[in-house]
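[1] okay, predicted coordinates and the sequence, questions at the end:
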Amino acid sequence: VLDQPNWQTYLSSLRSISTGSSVVPETLIAPFHAIGLPVQQVYGLTETAPIAVYQTAAQALLKSGSTGLPGLHCDMQLVDNQGEAVVDGDIGHIRIKGPNVMFEYWGNPQATAKALHNGWFDTGDMGYKDPDGHLVVADRAKDMIISGGENVYPAELENLLHSMPGVREAAVVGRADDKWGETPVAVVIVAAGHELTSDQVLDYFQGRLARFKHPREVVFMDTLPRNVMGKVQKFRLRTMI
């Protein structure tokens, strides 16, 4: 939509936008909020039937980047790797509990035992609560990069890359490294009419993110592999770099 000239004109009858399925960069949300059009992020899975956390239109305009508060009769907790609650502001595994949560994976007790913990469903996602208790989704736990013992969340790097002039699309994945275990690699699609070098992309991170989070390499591509829902298939992307 934002690539279209005078795109605001075509949205004059639109009152709000709802989005889910993946983390949306704040740089994509900002132009809509600038014209007073709320982008309401919702969060949930098939196993939570499906919405577990959501924003009102007013919350969306005030809390850009968050996904809001738990829905009616729905509880949420964030826990560490040992299942203990983390303090607000720290990143933890997102768990959901309520009558909306599935009872089991039919015929698969192993998967059920892995996903359900005393009624709490482990979503497989990581996130944190802001000072007002609103959930901010950091990334999929399986996409997290552990580099030199430090946790690196690709969505944070991708959000920054999407704010860089000349970047049309970007994704970050981990690559095995003998010294660090994994290192972040930035995959970038350059916008039409622009030129970018690896050094320019790497320099953009200076002073914006902690040094250990910086990509060690930039790979330029024409397209990103996606599924039928439009989500980037990072498992394929890892094999392409």
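    Cool, the structure landed.
[2] what separates the worst-scoring helix or strand of the chain on mean pLDDT from the chain centre, distance-wise?
    One helix or strand of the chain scores below all others by mean pLDDT, DSSP states H and E: helix 26-34, with a mean of 90. Helix 26-34 sits 16 Å away from the centroid of its parent chain (C-alpha atoms, centre = their mean, to the nearest Å).
[3] next one: stretch 11-22
    Put simply, stretch 11-22 sits 18 Å off its chain's centre (C-alpha atoms, centre = their mean).
[4] please identify the buried residues of that stretch?
    Ile17, Gly20 (16 or more other C-beta atoms under 10 Å). C-beta here means a position set from N, CA and C on the backbone, and glycine is covered the same way.
[5] now the end-to-end length of it.
    23 Å (C-alpha to C-alpha, to the nearest Å).
[6] check stretch 167-185 too.
    Start-to-end span of stretch 167-185 (C-alpha to C-alpha) is 15 Å.
[7] just the residues contacting stretch 220-232, thanks.
    21-22, 169, 171, 187-190, 196, 198, 233, 236-237, 240 (C-beta atoms under 8 Å, 6 or more residues apart in numbering).
[8] for the chain, what spans make up the helices?
    Remark: helices assigned in the chain by DSSP state H are 26-34, 57-62, 109-115, 154-161, 198-203, 234-240.
[9] could I get those helices as a markdown table with distance to Ser16 and mean neighbour count?
    Shown next, in a markdown table, are the helices of the chain (distance: least, C-beta to C-beta, whole Å; neighbours: other C-beta atoms under 10 Å):
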| stretch | distance to Ser16 | mean neighbour count |
| --- | --- | --- |
| helix 26-34 | 9 | 15 |
| helix 57-62 | 5 | 17 |
| helix 109-115 | 32 | 12 |
| helix 154-161 | 22 | 22 |
| helix 198-203 | 34 | 14 |
| helix 234-240 | 29 | 14 |
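[10] Gly44 is nearest to which of those?
    Gly44 lies closest to helix 109-115 among those, at 14.4 Å (C-beta to C-beta).
[11] okay, the closest one in CSV with CA atoms only?
    Output of helix 109-115 as CSV, limited to C-alpha atoms (Å, rounded to 0.1, in the frame of the first residue of the first chain):
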residue,chain,number,x,y,z
PRO,A,109,0.4,-37.1,23.8
GLN,A,110,4.0,-36.2,23.4
ALA,A,111,3.3,-32.9,21.6
THR,A,112,0.5,-32.2,24.2
ALA,A,113,2.9,-32.7,27.1
LYS,A,114,5.5,-30.5,25.5
ALA,A,115,3.0,-27.7,24.9
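[12] packing partners of it?
    Using 3 or more C-beta pairs under 8 Å, 6 or more residues apart in numbering; DSSP states H and E as the contact test, the elements touching helix 109-115 are strand 120-129.
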